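# this one's structure only:
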DNA sequence: CTGTCCATGGCACTCGGTGTCAAGACGCGC
DNA sequence: GCGCGTCTTGACACCGAGTGCCATGGACAG
């Protein structure tokens, strides 16, 4: 049974190390602050070498940000799977909901991470960079969905950006309120405000 | 005449060094790419020490990003100076226009910088971080202007974010078209799409 | 048992960024 | 003229992030 079909052992070992590294890092960073913790400290806690750390994560920031990294792919998948006839405002609200929901579940861990990110310039920068990528992907998906030309119409990029602005605002509020405000409700309120823009894509011309 | 009223000599010397540093950095970075240029190379070209460089700029990224840094303050000032009765969509369009205009003038230099930023992850990250600050400030200004409670209403942060999304989209388009598309026209088109959201702040309740 | 593959660790190195201190430029009062 | 604070600069040492390189050791195939 050398190469078993369920891609295992090596893969699971790898996942194990990654998880332990993430756990150790998040714990230390949340307690002492981003700048006050060195990578050597993290790897000492996790029991691996510094060199190994950087084989799993591209940077110190990545340990934190990658915790939320799957959300980009999740959102794109959700948007792609929404029924074709659905108004953009509804489809995009569900798209953002996927990520908001992921945060709302196991809120304890996520809330600590979000607070850390929003409170640390270096982390915020990396997070926004990721979001910029999501934005491009969502715009692409949206253009395909509506049969628009992403090189001519401003709508796809604007709508994607507006949706992510909503996401940001919800996260910020949720973080500021220490988790007291309901993320789902916040998302609904945000999209209620933004819907008029998201549902009026046809007006654009003259690309 | 020791401390002359026109704040001069020392101040002007300082400005001179900063300008030379910026010039040298922008030239090298635009030609060789961000990662291929070291700070030592920049300071050698400018004729100062590395230590001095970091007394003028907080980081290597800052040399590039600070080239656009005043725009944040400019925008806030413009928003504060717009007539009180003006609809938010118009006031915010003029606000963004200030920065777009600053880019459109001396387009050669700015275009190179913008292309550099959008094409370099590290620079994009820092740029977006700055923008996040502008967003908070614009939201504050907007809330004051409309008599809203920024802690209760989602509108101020959303509207500020939406406006900056427009700014980003315009910049991106302008950069992608190598300066061919007219920034002012792009801004108008973007705000024409976004106006319905920006002008409907009253609907929000239940903070 | 032997050869191969792969993950890891250790090490040296580059580069960004900072603290510290000594030296020079400038304006000041004497 | 001189000595005096102040401010800027450069030089040096230092830290931490991140990378390239190679040796080791374990897992598996033959």
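Cool, got the structure. Just so you know, these numbers come straight off a predicted model, no measurement behind them.

# C-alpha only now, for contacts and for neighbours.
Will do.

# where does chain A have low pLDDT?
Counting by pLDDT under 70, chain A contains low-confidence ranges at A:1-8, A:201-207.

# break it down into its domains, please.
Annotated domains of chain A cover A:10-57, A:66-199 [automatic domain parsing].

# what does stretch A:159-167 contact?
Stretch A:159-167 is contacted from outside by A:92-93, A:96, A:100, A:131, A:135-136, A:138-139, A:142, A:187, A:190-191, A:194, A:197-198, B:158, B:161-162, B:165, using CA atoms under 8 Å, 6 or more residues apart in numbering or on different chains.

# measure stretch A:28-39 end to end?
Start to finish, the residues bounding stretch A:28-39 are 10 Å apart (CA to CA, to the nearest Å).

# what residues of the longest helix along chain A count as buried?
Ranked by number of residues, the top helix in chain A under DSSP state H is helix A:121-146. Residues of helix A:121-146 classed as buried under the neighbour-count rule (16 or more other CA atoms under 10 Å in any protein chain shown) are A:121-132, A:134-143, A:145.

# now it: how far from the chain's centre is it?
Here helix A:121-146 is found 9 Å from its chain centre; the criterion is CA atoms, centre = their mean, to the nearest Å.

# so is it next to DNA strand D?
No. If you take CA under 7 Å from any atom of the strand as the test, helix A:121-146 misses DNA strand D, and the best it gets is 10.0 Å.

# helix or strand right after that helix?
Downstream of helix A:121-146, the first helix or strand assigned by DSSP states H and E is helix A:155-176.

# following the chain onward from that following helix, which element is next?
helix A:183-198.

# buried residues in that following helix, which are they?
The neighbour-count criterion (16+ other CA under 10 Å) identifies A:183, A:186-198 as the buried residues of helix A:183-198.

# just give me how far that helix sits from the chain centre.
Relative to its chain's centre, helix A:183-198 lies at 18 Å (CA atoms, centre = their mean).

# contacts for that helix next, please.
With contact meaning CA under 8 Å, 6+ apart, helix A:183-198 is reached by A:88-89, A:93, A:96-97, A:100-101, A:104, A:159, A:162-163, A:166-167, A:170-171, A:174, B:154-155, B:158, B:193-197, B:200-201, B:203-204.

# now a PyMOL select for only the buried ones of those residues.
To isolate the buried ones among the contacts of helix A:183-198 in PyMOL, judged by 16+ other CA under 10 Å, type:
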select buried, (chain A and resi 88+89+93+96+97+100+104+159+162+163+166+167+170+171+174) or (chain B and resi 154+155+158+193+194+195+196+197+200+201)
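
# up against chain B, what does chain A have?
With CA under 8 Å from any CA of the partner chain as the criterion, chain A meets chain B at residues A:121, A:124-129, A:154-155, A:157-158, A:161-162, A:165-166, A:169, A:189-190, A:193-197, A:200-201, A:203-204.

# show me which of these neighbour DNA strand C.
With CA under 7 Å from any atom of the strand as the criterion, no member of those is in contact with DNA strand C.

# on that earlier part again, quick one, the longest helix of chain A and helix B:121-146 angle?
Interaxial angle, helix A:121-146 versus helix B:121-146 (axes from the mean of the first three to the mean of the last three CA atoms, to 10 degrees): 90 degrees.

# brilliant, that's me finished.
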